[in-house]
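Enquirer: next comes the sequence, and after it the predicted model I'd like to discuss.
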Amino acid sequence: MALTRIYNRLLAEYGPQHWWPGDTPFEVMVGAVLTQNTAWTNVERAIHNLKQAQHLDARAIHEAPVDQLADWLRPSGYFNIKARRLKNFCAWYLASGALPTLTAMDTATLRGQLLSVNGVGPETADDILLYAFQRPVFVVDAYTKRIFSRVGVLDEALGYELVRAYFEAQLAQDVAMFNEYHALIVRHGKDVCRPKPRCDKCCLRALCKNAA
DNA sequence: TACCAGGAGAAAA
DNA sequence: TTTTCTCATGGT
């Protein structure tokens, strides 16, 4: 089947990606908010600033002045908005009982809770579910839509939930595989399946209508 | 120089 | 309801 064949080909091409980069579940959650429409290298700088300031902590972020937080987040871009979003997230996280309570929730409930936070949309929620809570949720991003529309699997204009439902229906509910698949999609998107594609270097060119 | 990046929410139509 | 606009630093 197409999705499994593409997964195997990407894995053979790039190898395991070892996602998500982050030492703790909370760091994964912070990274998921900060990486919205932003290169990961810039997110790393912002997380480094939080660590240097000893503020990579939900209560510390919750209690920090928003202007100070924005200054630490500056390298990740959109720093004023992200400072507010991260404070919103931490307020929810603390009020919800943090990891022990959240870990005990079923996936649908936890996803609904995450989506109720201003600043957490579907992709950020699913990043957190998959990479911080190890739930079998397929993360859809701009690369997913670009790559799989170019190989003729789906329409790039489809909405987030339709694409997610399609992948989850076609693939086994395997957390480790979902983890690796999304990471490989991002790797492939950054390497070759760019807005201006590098089809001569693409390991999927035999399947891709765009490379003909 | 112009484009792009591991989106989301508010405003406008 | 759907589309458009805004947010912003840093690498290529």
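Expert: On my side now, so go ahead.

Enquirer: C-alpha only now, for contacts and for neighbours.
Expert: Noted.

Enquirer: in stretch A:198-209, which residues are buried?
Expert: By 16 or more other Cα atoms under 10 Å, the buried positions in stretch A:198-209 come out as A:199, A:202-205, A:208.

Enquirer: can you redo those as TSV with distance to residue A:170?
Expert: Output for the buried residues of stretch A:198-209, formatted as TSV (distance: Cα to Cα, whole Å):
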residue	distance to residue A:170
A:199	26
A:202	24
A:203	22
A:204	19
A:205	22
A:208	19
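
Enquirer: close to DNA strand B: what parts of chain A are there?
Expert: Chain A comes close to DNA strand B at residues A:19-21, A:31-32, A:35-40, A:78, A:115, A:117-125, A:127, A:141-143, A:186, A:189-190, A:194-196, as judged by Cα under 7 Å from any atom of the strand.

Enquirer: among these, which ones are buried?
Expert: For those, buried by 16+ other Cα under 10 Å: A:20, A:31-32, A:35-36, A:40, A:115, A:117, A:119-120, A:122-125, A:127, A:141, A:143, A:186, A:189.

Enquirer: give me the domain ranges for chain A.
Expert: A:2-17+A:138-211, A:25-132 (automatic domain parsing).

Enquirer: near DNA strand C too, which of the residues of chain A next to DNA strand B?
Expert: A:37-39, A:78.

Enquirer: can you count the residues close to residue A:153?
Expert: 14 (other Cα atoms under 10 Å).

Enquirer: quick one: it and DNA strand C, what's the gap?
Expert: Distance from residue A:153 to DNA strand C, counting by Cα to the nearest atom of the strand, to the nearest Å: 21 Å.

Enquirer: ditto for residue A:178
Expert: Counting by Cα to the nearest atom of the strand - residue A:178 and DNA strand C are separated by 27 Å.

Enquirer: and the pLDDT at that residue?
Expert: pLDDT recorded at residue A:178 is 98.

Enquirer: find the helix or strand that it is a member of.
Expert: Using DSSP states H and E, residue A:178 sits within helix A:175-191.

Enquirer: got the CA positions of that helix in CSV?
Expert: The C-alpha trace of helix A:175-191 is given here as CSV (Å, rounded to 0.1, in the frame of the first residue of the first chain):
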residue,chain,number,x,y,z
VAL,A,175,3.3,5.1,18.1
ALA,A,176,6.9,4.4,17.1
MET,A,177,6.0,4.3,13.4
PHE,A,178,3.9,7.5,13.6
ASN,A,179,6.8,9.2,15.4
GLU,A,180,9.3,8.2,12.7
TYR,A,181,6.9,8.8,9.8
HIS,A,182,6.3,12.4,10.7
ALA,A,183,10.0,13.1,11.3
LEU,A,184,10.9,11.6,8.0
ILE,A,185,8.2,13.7,6.2
VAL,A,186,9.8,16.8,7.7
ARG,A,187,13.3,15.7,6.8
HIS,A,188,12.2,14.9,3.2
GLY,A,189,10.3,18.2,3.0
LYS,A,190,13.3,20.2,4.1
ASP,A,191,15.8,18.3,1.9
